[in-house]
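J.: Make a model of this:
(chains A and B)
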Amino acid sequence: MQPFDFARTSEAAEAIASGGRYVAGGTNLIDLMKADVEHPPRLIDINGIALTKVEPVAGGVRIGALARMSDVAENAIIREHFPVIAQALLASASPQIRNAASLGGNLMQRTRCPYFRELTFAECNKRNPGSGCAAVDSENRSHAVAGGSSACIATHPSDFAVAFAALDGVITLRGPNGERQVAATDFHLLPGNTPHIEHDLKQGELITSLFIPDAPHARRSAYLKIRDRASYEFAVTSAAVGLDLNGGSIRSARVALGGIGTKPWRSREAEGVLAGKNVSAALFREAAEAALRGAKDYGQNGFKIELAKRTLVRALGDLAGGVA
Amino acid sequence: MTFPPCYEPADDDEPPDPSRRTFMIGSAAATAGLFVSPSLLAQEPQKIADPHAIPISLDVNGKVHTLKLDPRTTLLDALREHLDLTGAKKGCDQGACGACTVLVDGRRINSCITLAAMHQGQKIVTVEGLAVNGRLNPVQAAFIRNDGFQCGYCTSGQVCSAVALLREGHAGSDAEIREWMSGNICRCGCYVGIVAAIREAKHATV
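T.: Numbers count the residues shown, from 1 in each chain, chains lettered A, B, ... in the order given. Next comes the predicted model:
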């Protein structure tokens, strides 16, 4: 690990003015600092800032950015009104990591691409812009089939961010010039030619809270995660789904996919197929086809295209009450 | 020949003297004596003042320690290398195996992927702090009774994790225990014994 200056603060304004890299749980950042993938010269511990509340607000729930994954997953409001969020959190990592990791940090976590995480590979545009991408033509079973570019096909690893995007989450950022809000779906950026720029986060900005709007499709929602082992593993594919049902007919739907995209993969295409139709296995398959249209097989990850479709079909079927 | 019966902790169960490390150091020195000249052995390890060191205060197993540590020091390294609390183990050193699990303010975390400096003012409990008044924690005793280990390397982490699991109320079924112990890997594959131990400890504590 490279040396760094360390400071702690209990004031957001002080953190923002510090010019330091924020650390909360540290489960991703400290790990990457040990691997020398990350080497911030200044680290500021923000755990003292009072940003851990989960509270009902007009139109939804507000979650402090420093709330821990385990606490949010256990929260009664979250479990009752936003089950997809609780399920995605509990499907993530291990109890130890969920106790440490904050929701703000979860959104900021970096890819598990092995070429990114291992310095012995010279090529990684995310780690070393302009150096190339070792994954595009090599071992890429775990990589993204959606949203990639010739510069980067690294998968976004978060489960929570997928559920958060599905439910139209909104992120509040506080910076040197005040606060602003960003939609969850706009926060993570596609790699394009600049895979090292991963978020719409300006210099000094701090995620202070996350808002999730209450809605019928949020109350009837679920997360299905497919992994290489039963627990404590990143998604091969996943689906966050929400349905607002009127009998057998779908008033509105929310769909986002994980494990397949370079960012949490909200599919308005699938939602468009579902809205206003009657629940059926054929409809869910049609939605899945729409969600994966344009997905690209890079050699070893092509299986994810069909697997993601089946994941979505099953998640929708279970949510609709055993259809399909 | 007959094998001794399985270990049954007695009422006055006392944790054994934590002398394994002392033994290891002693035997290493004895071995080194065969090969290394006495003049080298006589040299004290040099204490070099670390220019990056900052004061860090840690409350571990009910005792407050004031240290001067490089801010890069993980909580695990602070415990093992600076406080000689070698119960928490360094397995993967990247948050994947759980051998380093300790309790911080009653919650289990991986001590290898967090900095010591981030835990000032919190109550840290390691496996060394689980026994009370010389009596093993029921989880420790149950691990012994149920053969919840083979080599023992992951055991401190398993035990700390299991203590937290019981407090969290996640021992409702074997399947639930397995899911909520998924952050602790046992390379010897003693999961059957580990699950049995936790199941038994649940009944011992309620």
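J.: what's the neighbour count on the residue of chain B found nearest chain A?
T.: Residue of chain B nearest chain A, by C-beta to the nearest C-beta: residue B:183 (2.6 Å). (Each C-beta comes from the backbone N, C-alpha and C, glycine too.) Neighbour count for residue B:183, taken as other C-beta atoms under 10 Å in any protein chain shown: 26.
J.: which residues does the closest residue to it other than its chain neighbours contact?
T.: Spatial nearest neighbour of residue B:183, excluding adjacent residues (C-beta to C-beta, 6 or more residues apart in numbering or on different chains): residue A:94 at 2.6 Å. When contacts are counted by C-beta atoms under 8 Å, 6 or more residues apart in numbering or on different chains, residue A:94 touches A:231, A:232, B:98, B:110, B:182, B:183, B:184.
J.: mind redoing it with 6 Å?
T.: A:232, B:182, B:183 (C-beta atoms under 6 Å, 6 or more residues apart in numbering or on different chains).
J.: Identify, from those residues, the entry nearest to residue A:226.
T.: When these are ranked by distance to residue A:226 (C-beta to C-beta), residue A:232 comes first, at 14.3 Å.
J.: So the closest one, which state does it fall into?
T.: coil (DSSP: H, G, I helix; E, B strand; the rest coil).
J.: Is the nearest residue to it once chain neighbours are set aside in a helix, a strand, or coil?
T.: Closest residue to residue A:232 apart from its sequence neighbours, by C-beta to C-beta, 6+ apart: residue B:182 at 4.1 Å. Here residue B:182 takes the coil state, with states given by three-state DSSP.
J.: Pretty sure residue B:182 sits against residue A:229.
T.: No - look at residue B:182 against residue A:229 with C-beta atoms under 6 Å: they stay out of range, at 8.8 Å.
J.: Neighbour count: these two, which is higher?
T.: More crowded of residue B:182 and residue A:229, by other C-beta under 10 Å: residue B:182, with 19 against 7.
J.: need the contact list for that one.
T.: Contacts of residue B:182 (C-beta under 6 Å, 6+ apart): A:94, A:231, A:232.
J.: What score does the first one have for pLDDT?
T.: Among the per-residue scores, residue A:94 shows a pLDDT of 98.
J.: And it, how close does it get to residue A:25?
T.: Distance, residue A:94 to residue A:25, using C-beta to C-beta, to the nearest Å: 13 Å.
J.: Might you enumerate the residues of the stretch 1-150 of chain A proximal to chain B?
T.: By C-beta under 6 Å from any C-beta of the partner chain, the residues of the stretch 1-150 of chain A that approach chain B are A:1, A:3, A:6, A:26-27, A:30-31, A:45, A:94-96, A:99-100.
J.: so can I have TSV of those residues showing secondary structure and distance to residue A:126?
T.: Shown next, in TSV, are these (DSSP: H, G, I helix; E, B strand; the rest coil; distance: C-beta to C-beta, whole Å):
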residue	secondary structure	distance to residue A:126
A:1	coil	20
A:3	coil	24
A:6	strand	26
A:26	coil	20
A:27	coil	19
A:30	helix	19
A:31	helix	16
A:45	strand	25
A:94	coil	25
A:95	helix	29
A:96	helix	27
A:99	helix	28
A:100	helix	24
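J.: how many neighbours does residue 83 have?
T.: In the absence of a named chain, this looks at chain A. 19.
J.: Chain B was what I was after
T.: There are 19 residues near residue B:83, going by other C-beta under 10 Å.
J.: One more: the one 10 residues further on?
T.: Neighbouring residues of residue B:93 were enumerated by other C-beta under 10 Å; the total is 18.
J.: circling back: tell me the buried residues within the residues of the stretch 1-150 of chain A next to chain B.
T.: Among the residues of the stretch 1-150 of chain A next to chain B, those buried by neighbour count (16 or more other C-beta atoms under 10 Å in any protein chain shown) are A:1, A:6, A:26, A:27, A:30, A:31, A:45, A:94, A:95, A:96, A:99, A:100.
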